[in-house]
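>>> The sequence and its predicted three-dimensional model are supplied below.
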There are 2 protein chains.
Amino acid sequence: MKLMPGGRAASLFAALHFTVGCLGSTPSSLLSATKTTPADLNYPSGTPFPGDYGGQYRPQVHYSAPQNFMSDPNGIFRDASGTWHLYYQYNPLGLSFGNQHWGHATSKDLYHWASQPIALGPPNRHTTALFSGSTVVDRNNTSGLFPNQDNGVVSVFTLAGRDPDGGFGGPQVQSLAYSHDGGFNFQFYEHNPVINSTSNQFRDPRVMAYKDHWVMVIAYSRDFTIGIYTSPNLLDWTHASNFSLHGLLGAQWECPNLIQMPYIDEECHRQDDVWTLFVNINPGGPLGGAVVQYFPGSFNGTHFKPVDSAARTVDSGKDYYAMQFFNNIGPGTEVEYPVSIAWASNWQYTQLVPTGQEGWRSSMSLPRRHYMTKIKGVGWKLVSQPYNLERVMGDTLAVQKNVTKEVVAVEFSGVKSNAVFWEVNITGIPERALRSLSLNVSFVSPSTTESVRLAYVFGGVDFDLYGGDTPFSLDRGGAKGFDHRFFTHRFSVSSPHDDGTWSASGVLDRSLLEVFIHGGIETVTSTFFTQEPVAVVLFSLSPDLPKGLSVDLRVVGLNSAWDNQASHDGLVYGNRTIKG
Amino acid sequence: MKLMPGGRAASLFAALHFTVGCLGSTPSSLLSATKTTPADLNYPSGTPFPGDYGGQYRPQVHYSAPQNFMSDPNGIFRDASGTWHLYYQYNPLGLSFGNQHWGHATSKDLYHWASQPIALGPPNRHTTALFSGSTVVDRNNTSGLFPNQDNGVVSVFTLAGRDPDGGFGGPQVQSLAYSHDGGFNFQFYEHNPVINSTSNQFRDPRVMAYKDHWVMVIAYSRDFTIGIYTSPNLLDWTHASNFSLHGLLGAQWECPNLIQMPYIDEECHRQDDVWTLFVNINPGGPLGGAVVQYFPGSFNGTHFKPVDSAARTVDSGKDYYAMQFFNNIGPGTEVEYPVSIAWASNWQYTQLVPTGQEGWRSSMSLPRRHYMTKIKGVGWKLVSQPYNLERVMGDTLAVQKNVTKEVVAVEFSGVKSNAVFWEVNITGIPERALRSLSLNVSFVSPSTTESVRLAYVFGGVDFDLYGGDTPFSLDRGGAKGFDHRFFTHRFSVSSPHDDGTWSASGVLDRSLLEVFIHGGIETVTSTFFTQEPVAVVLFSLSPDLPKGLSVDLRVVGLNSAWDNQASHDGLVYGNRTIKG
């Protein structure tokens, strides 16, 4: 493991020490039983953590918590004013898993985030942990908790019992907290839990409105079962059905999401929506650790029925987990297409990655917009695309139509964010070609020649060099800033071209690379850790391309979403106007 | 890519040239329309290829073809005399895919193989390829092809149409050949095909006896469908049902096997057999390229019904494909437990691996014996164990009970085969431990310190360093004899310990490592290519193991199955007594 230079990290820790010192210990007024900020933690209350977003590994167009350890997004929703609320599993006390709270951030565009004070904490961190869950707006006051409001916010989550030795022996019960100020300050519901249990494998409730009632999907993790519950009021829940043993099992199921998904067919016509159940697996995914799978199907308010028994996965990298969909959007709302955010890391190494030297660990994925489609020869496919990336698009660094050179190098050391968007479009790929042809896209650290490499092999007769495959591959093994036995280097996914065309685009953001293949029918999300920053992208094509084959490419600098939030001391302080 | 020293390869090619020269061109008597040896190939007829089994990469207890390119085992069966017949996809003319024939080898114990003359070739290699299929003994002469025999052999296979440019545009039709001499010499059935088709994605028929009729399972490859056909006589086939869109789809399905599998429950009691459908996927497996999945279920002679919709895979490495089961064995026969052999390679790089410098490419897996079981918290699991490995077990190199040292090194450069069996048994693993504990098993080339590393992390509270996982991992990245973007280095699989015990064993055979975890409930099969031979195995344990935890280990040299078959010139000539 390559340690980071200590300069920025050292100044960050100094600043933090000062901040914590200023706030002193938690006021005793917060000790009330229904208050959701625990009394025994020595961290700031009513104000966000400050963060140094200047580190070499710190993503500039992705959300990461100001400091300490972040994992799953949870309870994410969009409010009536158009503000996106991102909550997340958070350890305010350290750089690895523990002391689960719900961190909080808000944004108007999903790129520029204001970190908020911690929204929710466990009643007692020694005996409980506040695991994942979901948030809804109880517009019609079905719960009775919001007599004079149409914007009451309810979060339903798992309170996980802890053992004296620090384990998580359970029970895991489903509990509720509510907020009268739109999701900033919460109090626990006094009759918790709303779903009791003795199990230690029952968690991650995801609640949504369905016609005249509320629906919850929740994981019986080691039974490989998603329970479906209904409620008229968010408080009283009735078990309605189970969905079990479909697709990949792994070692446990977590974080289900059931989403009404627009369906756009192969001819680009909008068809009836398709309900799609998402199931997150960790550990036990085929690549090691995490994977997200989905099941298109139908839902009648109580039962989910998949279209078939196939296992389909969202992303073919190793750093895409706990994919969550924002509540309050989707078909029939202001934001027609579902939007998700996932955790861009993997439990197999997330607590070891060198961003710890910068005082933070884990980033979220880009916000992604989705619909379902069908692809020739493959059938149902989830499409994933970056959501309104133009909000952070900066200067165009290169545009080349019909590239004729074998190598195109684009240098971007002048891009202050050190983050770029890139895309490649290929047309005129012959249906049959006796040779395999290839495109390589390499991101290189010029001083160390470290690299992250993408490659696509196209053309070639069936059963040629790769056994009839047209694979896209990612290799992060050329980045030398981190190594670990579970830090797999090489990933690939079959990616057939379509009527002679193929495309890929993506965002490279300091230590995170997200690739969207052919309009997002496949994605590959991968962290990487170079010793020195990447500052060049090299496109290379195999020689002697067939006549009629054309390659267009573009590279655009991205504007940091954090840089202009920084104070004179270099720190981003977030929203300090909300008080508990 | 590291090229091998040319010495042995050069002498091999010289020998081949001489052999081919001796035999001259194919006699014109072989040009008959029903003869299964093509007329236009300049390779030995009626005699096997000789092979040099002395190369650094050449496995010593696994089958590999004497020379040239081998892929899927197919048509494998055991005859009434107890001889195991292994046929395989074979290119007799080169070191990469092409010119598909059925190579042939026989064995009495599945380790000591006699290479046989090529059994089957396409009628015309320019217009057809002889793809995979299966072989049965038509004991009761249901076909009418064997009036005076109870040992007539029938092979059913795909004849794949080729295009003038060398592609495989189809059609793929199912055809039949039969043998009066027990599977050595075949002739084509004169009314081929037995199942006609216009598709180029319809292949790999696997036939078996079921009560009063024959059953075929066959892949509609890009429809992700297994067709089930029935026949009274092997000649006339009726479509009975389809099994579609279950589990992983990948880019295509191939090589189905439907097997009556003994079921031994968690208490080690034999229960009713479970019919299990195996589906091989390539390309498009989650690790890139190939994967084998299976579906336990029930079968009534026409329809297969899985127990659930889960996707389960056989092996967690990247070099395990086209898993085939021997016909004529299984419950109710002399050999009670089904036995399989798979192809230990991956289309993503199989045509590039450095064994080509030794004149051959690809090895089979070990023969494996199987049954189904159920595992706590996971459910149905296929168990895979090496079949009668004692046939090649040699001298014990190390036995240690209750290892107390942190490192145990076992050197095996004196083992002539350079192949070893090893095992580790751990007992007394505490249910909860605050620290993660680890076992590492590293195979090392002493001169270059290249390595292939295995690791198991056990103990630790839930959600500790690896997110509650107890992963087993394999890393072949320390072997420096081959590199390629698809040659993934690192694999892992969740492997919970069971009542405080955990075990692993395996065979390291020059360029192939097969690992059987905890009695074979997980396996990891991986090729590897070191520059210099591996000759040391290092076991290392994390320090300060909990009280009561005990580790036993054993290393045994393996006896080469090929060494004593070699003639004075170093070549293995196989069975030269069978004539066409």
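Cool, got the structure. Source: prediction; values computed, not measured.
>>> Look through the stretch 1-150 of chain A and state the residue closest to chain B.
Using Cβ to the nearest Cβ, the point where the stretch 1-150 of chain A gets nearest to chain B is A:Phe97, with a distance of 5.6 Å. Placement of C-beta: from N, CA and C, glycine included.
>>> and that residue, what does it touch?
Contacts for A:Phe97 (Cβ atoms under 8 Å, 6 or more residues apart in numbering or on different chains) come out as A:69, A:71, A:91, A:351, B:463, B:467.
>>> Pull out the buried residues from the residues you listed.
When those are checked for burial by 16 or more other Cβ atoms under 10 Å in any protein chain shown, the buried set is A:69, A:71, A:91, A:351, B:463, B:467.
>>> what two of those residues are the furthest from one another?
Pairwise distances across the buried ones among the contacts of A:Phe97 peak at 13.5 Å for A:Asn91 and B:Gly467 (criterion: Cβ to Cβ).
>>> returning to what we had before: filter the buried ones among the contacts of A:Phe97 down to the ones in helices?
Judged by DSSP state H, these include no members of helices.
>>> With respect to B:Ala251, which of those residues is nearest?
Nearest to B:Ala251, judged by Cβ to Cβ, of the buried ones among the contacts of A:Phe97 is B:Gly467 at 30.3 Å.
>>> My understanding was that the closest one contacts A:Ile281; is that so?
No: the pair B:Gly467 / A:Ile281 is not scored as a contact, 11.4 Å apart, by Cβ atoms under 8 Å.
>>> ok, back up a step: out of the buried ones among the contacts of A:Phe97, which is nearest to B:Thr135?
Checking those one by one against B:Thr135 (Cβ to Cβ), the nearest turns out to be B:Gly467, at 46.8 Å.
>>> Would you check how far apart A:Val507 and A:Tyr88 are?
In this view, A:Val507 and A:Tyr88 are 20 Å apart by Cβ to Cβ, to the nearest Å.
>>> any idea of the mean pLDDT for the helix or strand A:Met261 falls within?
For A:Met261, the element it lies in under DSSP states H and E is strand A:253-264. Mean pLDDT, strand A:253-264: 97.
>>> ditto for stretch A:367-379
Mean pLDDT, computed over stretch A:367-379, is 91.
>>> Check the offset of it from the chain's centre.
From the chain centre to the centre of stretch A:367-379 is a distance of 18 Å (Cα atoms, centre = their mean, to the nearest Å).
>>> Tell me the buried residues in that stretch?
Neighbour-count burial for stretch A:367-379 flags A:367-373, A:378-379 (criterion: 16+ other Cβ under 10 Å).
>>> Repeat that for stretch A:196-210.
A:197, A:200-210.
>>> What of stretch A:386-401?
With burial defined by 16+ other Cβ under 10 Å, the residues of stretch A:386-401 counted as buried are A:386-387, A:389, A:391-392, A:394, A:397-398, A:400.
>>> ditto for stretch A:72-84
A:72-79, A:84.
>>> from these, which two are the most distant?
Going by Cβ to Cβ, the pair spanning the buried residues of stretch A:72-84 furthest: A:Asp72 and A:Asp79, at 20.7 Å.
>>> Distance from the helix or strand harbouring A:Arg206 to the middle of the chain?
Using DSSP H and E, A:Arg206 sits in strand A:202-210. From the chain centre to the centre of strand A:202-210 is a distance of 18 Å (Cα atoms, centre = their mean).
>>> which helices and strands sit right next to the next helix or strand after it?
Using DSSP H and E, the helix or strand that directly follows strand A:202-210 along the chain is strand A:213-220. Helices and strands touching strand A:213-220, by 3 or more Cβ pairs under 8 Å, 6 or more residues apart in numbering or on different chains; DSSP states H and E, are strand A:202-210, strand A:225-231, strand A:253-264.
>>> Give me the distance from strand A:213-220 to the chain's centre.
Put simply, strand A:213-220 sits 21 Å off its chain's centre (Cα atoms, centre = their mean).
>>> any idea where the helices of chain A begin and end?
So, for chain A - with DSSP H - the helices run A:7-23.
>>> Nearest the geometric middle of it, what residue?
A:Ala342 (1.4 Å; Cα atoms, centre = their mean).
>>> Give me the pLDDT for A:Ala39.
At A:Ala39, pLDDT is 47.
>>> that older thread, out of the buried residues of stretch A:196-210, which is nearest to chain B?
Checking the buried residues of stretch A:196-210 against chain B with Cβ to the nearest Cβ, the nearest one is A:Asn200 at 8.2 Å.
>>> got a pLDDT number for A:Gln16?
Small correction: residue A:16 is Leu, not Gln. Listed pLDDT for A:Leu16 reads 26.
>>> let me fix that: A:Gln348
Per-residue confidence at A:Gln348 stands at 93 (pLDDT).
>>> Can you tell me how far it is from B:Leu439?
Distance of A:Gln348 to B:Leu439, computed by Cβ to Cβ: 17 Å.
>>> ok, those two, which is more surrounded?
Applying other Cβ atoms under 10 Å in any protein chain shown to A:Gln348 and B:Leu439 shows that A:Gln348 carries more neighbours, namely 29 against 22.
>>> Pretty sure that one sits against A:Pro283.
Yes: counting by Cβ under 8 Å, A:Gln348 touches A:Pro283, with 7.5 Å between them.
>>> Need the overlap of contacts for those two.
With contacts taken as Cβ under 8 Å, 6+ apart, the residues that reach both A:Gln348 and A:Pro283 are A:289, B:466-467, B:469, B:471.
>>> Dump those residues to CSV, plus distance to A:Phe491 and pLDDT.
Compiled in CSV, the shared contacts of A:Gln348 and A:Pro283 are given as follows (distance: Cβ to Cβ, whole Å; pLDDT from 0 to 100):
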residue, distance to A:Phe491, pLDDT
A:Gly289, 13, 93
B:Tyr466, 20, 70
B:Gly467, 19, 72
B:Asp469, 19, 80
B:Pro471, 18, 90
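>>> Any idea which helix or strand in chain A has the lowest mean pLDDT?
Lowest mean confidence among the helices and strands of chain A (mean pLDDT, DSSP states H and E): helix A:7-23, at a mean of 26.
>>> ok, now which ones touch whatever residue of the stretch 351-500 of chain A ends up closest to chain B?
Going by Cβ to the nearest Cβ, chain B is nearest to A:Gly467 of the stretch 351-500 of chain A, at 2.7 Å. By Cβ under 8 Å, 6+ apart, the residues touching A:Gly467 are B:97, B:282-283, B:289, B:347-348, B:350.
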